[in-house]
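# Output the structure for:
(one chain, ligands or ions: 2)
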Amino acid sequence: MHVDLVVVGGGSGGLAGAFRAAGHGARVALLEPGELGGTCVNVGCVPKKAMWLAADLGARIGLAAALGFPVEPARPDWAQLVASRQRYIANIHASYRRRLDEAGIVLLPARGRLAGKGMVECDDGTEVEAKHVLVATGGRPVRPDIPGAELGIDSDGFFALGEAPARVAIVGGGYIGVELAGVLQGLGSQVELFVRGDALLKGFDPEVVERLQGNMHQAGIALHFGYPVAALEACEGGVRLRERGGDAGNPFDAVIFATGRRPNTDGLGLEAAGVRTDADGRVQVDGFQSTSAAGVYAVGDVTGRLALTPVAIAEARRLMDRVFGGQPDACIDHADVPTVVFSHPPLGRVGLTEAEARLRFGDEAVSCHRTTFRPMLHALADVQQHSMFKAVCVGAEKRVVGLHLVGEAADEILQGFAVAVKMGATLADFHATVAIHPTSAEEIVLLR
Ligand SMILES: Cc1cc2nc3c(=O)[nH]c(=O)nc-3n(C[C@H](O)[C@H](O)[C@H](O)COP(=O)(O)OP(=O)(O)OC[C@H]3O[C@@H](n4cnc5c(N)ncnc54)[C@H](O)[C@@H]3O)c2cc1C
Ligand SMILES: NC(=O)c1ccc[n+]([C@@H]2O[C@H](COP(=O)([O-])OP(=O)(O)OC[C@H]3O[C@@H](n4cnc5c(N)ncnc54)[C@H](O)[C@@H]3O)[C@@H](O)[C@H]2O)c1
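Ligands and ions are numbered 1, 2, ... in the order given. Take a look at the predicted model:
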């Protein structure tokens, strides 16, 4: 088969690239051996957010009870919740299939391998030849190489659970560890989080992270820092974790590894096709998503840069605008990308942390403005959940170069403020904007 573009991988980046290229008039073939939508739709953002929303509802039922509603805090029926989640996801699959048909994109349900010179071989024997090849094969979870690791599950396994585990250990303090801890605790499990470092969410602002840790502790999650898990052992009543040089602890019904991800580049034929990867298998690209091989591009998690769905999508769209849309300079700016950790409560950031700003601009130039408060609903219900908002500013004009939020609605508040930060707003611009009262968001324009 001859096309203008062959896309290897039908996740967030691959689909976005295929649709945009077809929109520019290119003939496109898309290879995807699994479900359309990749990680985000099937074992990432979407099912995670469904579970997060359910956990959030559970917390709100508790708040409602505290405010006098005649309701009892209760656990959801796990099977019913998962069925609703999967029905939502099935609708996304159907919508993708319809849009691919409408766009005239050829969908090949096969695993691809680059064979060089614009040729991609499928595992069903089909050969596709194209002037342009997009590698968008994403990544997969990795577990530490420790005895008994097979007794645990990873985030893919979490989404396959048929029932809620009563006692859960989660290993890893990054995005996924923190999110799954909040979700499971909110849905009625007893969660313990095991982290080898001394804090959660390395790379985020330590002050808002500390506030999140306080909220998680308040919600009943046990946080264990400086705990390198050395082994898992099967025991009566479940699985136990063994700390390096220490005793094994209590048994758990499930152990979830949230210890990072690896790009899907094994057996992809990249080396033979002249596509350079780093020691961890990440495809090396320039600012325009071009690899070291002419006509071969890569977007999304397989490049190991910012592993976020909107980033994969934006990279793919700009790339296709450049290759097929006559826009030679199109590329994405990876600075000031807003991101939210869907913890309970959510934590978000855009721009620089205080430490990054001090390093870049010097201590003298940096000032920070923060506020800590209890959201009104939690204060009314007398629940000890606190929000903290922090702005990092630079120079006499106090340009806001970083905004760090943790608390009720932080996930929804951040997007609009990210526009302001991207546009170079100053603290005076924030102050010149009249507050919306009474909200949590107003605390940002009132920061002193
Ligand atoms: C638990 C979890 C929660 C997340 N939550 C969020 C969130 O809330 N917000 C957010 O922005 N990001 C989130 N992410 C990250 C987000 O899912 C990824 O950044 C995004 O899916 C990357 O898109 P991609 O197209 O690069 O790869 P993927 O979506 O992983 O797609 C790659 C596709 O390539 C296919 N493939 C692999 N090898 C081949 C081959 N040889 N031939 C053909 N096809 C192949 C795979 O089957 C897969 O469908 C989350 C991730 C996880 C794991
Ligand atoms: N809300 C979102 O946007 C969202 C949600 C989930 C994932 N993601 C994306 O997916 C990526 C992967 O998420 P993740 O949580 O798997 O990775 P991560 O890099 O965020 O966190 C991995 C954690 O595992 C720990 N770790 C690594 N090896 C370990 C070991 N051997 N023993 C103990 N701990 C170990 C690390 O110290 C770290 O705390 C994220 O970086 C993010 O870009 C985004």
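# what sits opposite Val191 in the beta ladder?
The partner list for Val191 in beta bridges (DSSP bridges) reads Val168.
# Identify the residues contacting it.
Counting by CB atoms under 8 Å, 6 or more residues apart in numbering, Val191 makes contact with Val168, Ala169, Ile170, Ala181, Leu184, Gln185, Gly220, Ile221, Ala222. Where you see a C-beta, it was placed from the backbone N, CA and C, and this is true even at glycine.
# Make a ChimeraX selection of the buried ones in these.
The ChimeraX selection below is limited to those of these classed as buried (16 or more other CB atoms under 10 Å):
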select :168,169,170,181,184,185,221
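# Now, the contacts of Val191 that are in helices?
Counting by DSSP state H, the part of the contacts of Val191 found in helices is Ala181, Leu184, Gln185.
# Helices of the chain, start to end?
Using DSSP H, helices in the chain cover 12-23, 38-43, 45-66, 78-103, 155-159, 175-186, 206-218, 309-323, 354-361, 376-380, 410-422, 427-432, 442-445.
# Spell out which parts of the stretch 51-200 of the chain neighbour ligand 2.
Pro144, Val171, Gly172, Gly173, Gly174, Tyr175, Ile176, Gly177, Glu179, Arg196, Gly197 (CB under 6 Å from any ligand atom).
# now those residues: which count as buried?
Here, 16+ other CB under 10 Å leaves Pro144, Val171, Gly172, Gly173, Gly174, Tyr175, Ile176, Gly177, Glu179, Arg196 buried among these.
# Check those residues and tell me the two furthest apart.
Pro144 and Glu179 (19.3 Å; CB to CB).
# Export the residues of the stretch 51-200 of the chain next to ligand 2 to CSV and append columns for pLDDT.
Output for those, formatted as CSV (pLDDT from 0 to 100):
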residue, pLDDT
Pro144, 96
Val171, 98
Gly172, 97
Gly173, 98
Gly174, 98
Tyr175, 98
Ile176, 98
Gly177, 98
Glu179, 98
Arg196, 95
Gly197, 96
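# Widest-spaced pair of those residues?
Pro144 and Glu179 (19.3 Å).
# ok, which of the residues of the stretch 51-200 of the chain next to ligand 2 also contact ligand 1?
Counting by CB under 6 Å from any ligand atom, Ile176 from those sit close to ligand 1.
# Which of the residues of the stretch 51-200 of the chain next to ligand 2 sits closest to ligand 2?
Gly174 (1.8 Å; CB to the nearest ligand atom).
# circling back to that earlier point, closest one to Val296 among the helices of the chain?
That would be, of the helices of the chain and by CB to CB, helix 309-323, which comes in at 11.5 Å.
# Can you confirm whether the closest one lies near ligand 2?
No. Interface with ligand 2: helix 309-323 contributes nothing (CB under 6 Å from any ligand atom), its closest point being 7.4 Å away.
# Sketch out the strands for the stretch 101-250 of the chain, chain order is fine.
Applying DSSP state E, counting those that start in this stretch to the stretch 101-250 of the chain gives strands spanning 106-108, 112-116, 119-122, 127-135, 139-141, 167-171, 190-194, 222-224, 229-235, 238-243.
# Could you identify which of those strands is most buried?
Greatest average neighbour count among the strands of the stretch 101-250 of the chain goes to strand 167-171 (a mean of 25), per mean count of other CB atoms under 10 Å.
# which secondary structure elements does it contact?
In this structure, strand 167-171 packs against helix 175-186, strand 190-194, strand 238-243, strand 254-257, with contacts taken as 3 or more CB pairs under 8 Å, 6 or more residues apart in numbering; DSSP states H and E.
# re the thing from before, which of the strands of the stretch 101-250 of the chain sits closest to Cys45?
strand 139-141 (13.8 Å).
# what does the stretch 301-448 of the chain put close to ligand 2?
Residues of the stretch 301-448 of the chain lying near ligand 2 (CB under 6 Å from any ligand atom): Ala307, Leu308, Thr339, Val340, Val341, Phe342.
# Can you verify my assumption that the last one contacts Gly182?
Yes. Look at Phe342 against Gly182 with CB atoms under 8 Å: they come within range, at 7.4 Å.
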